[in-house]
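Asker: Sequence plus the predicted model coming up.
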Amino acid sequence: HRFSPMNVSKSVETRFLLACLRTRDGFFPANQSVETPVDWSTLLAQAEALGVIGLLHSHLKCPRLAIVVPPDVLEQFKKRFYLNQVKNMKLYVRLKEVLQTFAESGIEVIVLKGAALAALTYSQIGLRPMGDADLLVRIKDLDTAENLLLGLKFRPHEGRHTKEWFRAHHHHIVPYISGDNSLAV
């Protein structure tokens with residue numbers, strides 16, 4: 001089932017998703033009705049498209065919802081949450097290696113966006129999906145940073161544009177992909 005942002009505002013699944021994500025501490029609001037029937041495959045597709053499967057999984061376990069959500073659906077959310085958690089753990093292992101290597105070489109670096117938010121904001125790193133790590137380094141350190149990434153067995157991803165094009169026309173260098181594909185920088 002394909003998720004389309006254009007038709008989500010009217011669906012039972014979207015109202016259910018938003019109500020769940022508005023909750024705190026796993027308690028579904030008493031004044032919020034649990035609409036049924038929910039098309040669970042649509043809800044799963046929406047949550048996946050919006051990157052909130054982990055968050056939704058954590059809320060679906062609350063007592064008011066446990067009686068409404070079919071066990072097999074909870075299991076699907078749980079499985080996807082844990083897959084994301086493992087993916088993020090691998091990403092953080094590689095990111096730590098990059099950050100340590102940069103620090104040992106005297107490169108100051110700031111971790112931006114997803115990797116920083118997941119570590120600082122969420123109670124578990126599996127709650128936020130990530131595909132890469134955005135790092136900010138000084139312009140004078142770019143060549144050294146690229147060489148260090150190559151030394152760590154990262155490879156430039158020149159899918160649509162070359163390294164030279166990125167340097168001349170973009171706000172960052174070409175993305176580098178770890179040898180095990182667990183991290184893009």
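Answerer: Here it is on my side, so go on.
Asker: hey, let's count contacts and neighbours off CA atoms from now on
Answerer: Fine.
Asker: lowest average confidence, helix or strand, in this structure?
Answerer: helix 63-66 (a mean of 72; mean pLDDT, DSSP states H and E).
Asker: Can you name the next helix or strand after that helix?
Answerer: helix 71-104 (DSSP states H and E).
Asker: ok, residue 115 touching residue 135?
Answerer: No: at 9.4 Å, residue 115 does not count as touching residue 135 under the criterion of C-alpha atoms under 8 Å.
Asker: which one of those two has more residues nearby?
Answerer: The neighbour count for residue 115 versus residue 135, taken as other C-alpha atoms under 10 Å, is higher for residue 115 (22 against 17).
Asker: so the more buried one sits in a helix?
Answerer: Yes: applying DSSP: H, G, I helix; E, B strand; the rest coil, one finds residue 115 inside a helix.
Asker: In contact with it: list those residues for me.
Answerer: Residue 115 makes contact with 92, 130, 132, 133, 134 under the criterion C-alpha atoms under 8 Å, 6 or more residues apart in numbering.
Asker: go again using 10 Å as the cut-off
Answerer: Contacts for residue 115 (C-alpha atoms under 10 Å, 6 or more residues apart in numbering) come out as 88, 91-92, 95, 125, 128-135.
Asker: of those residues, buried ones?
Answerer: Buried members of the contacts of residue 115, counted by 16 or more other C-alpha atoms under 10 Å: 88, 91, 92, 95, 125, 128, 129, 130, 132, 133, 134, 135.
Asker: okay, who's weakest in those residues by pLDDT?
Answerer: Across those, the smallest pLDDT goes to residue 125, namely 79.
Asker: Surely that residue and residue 89 touch.
Answerer: Yes: here residue 125 lies in contact with residue 89, judged by C-alpha atoms under 10 Å, at a distance of 7.6 Å.
Asker: mind listing what's buried in stretch 102-113?
Answerer: Here stretch 102-113 shows 102, 107 as buried, counting by 16+ other C-alpha under 10 Å.
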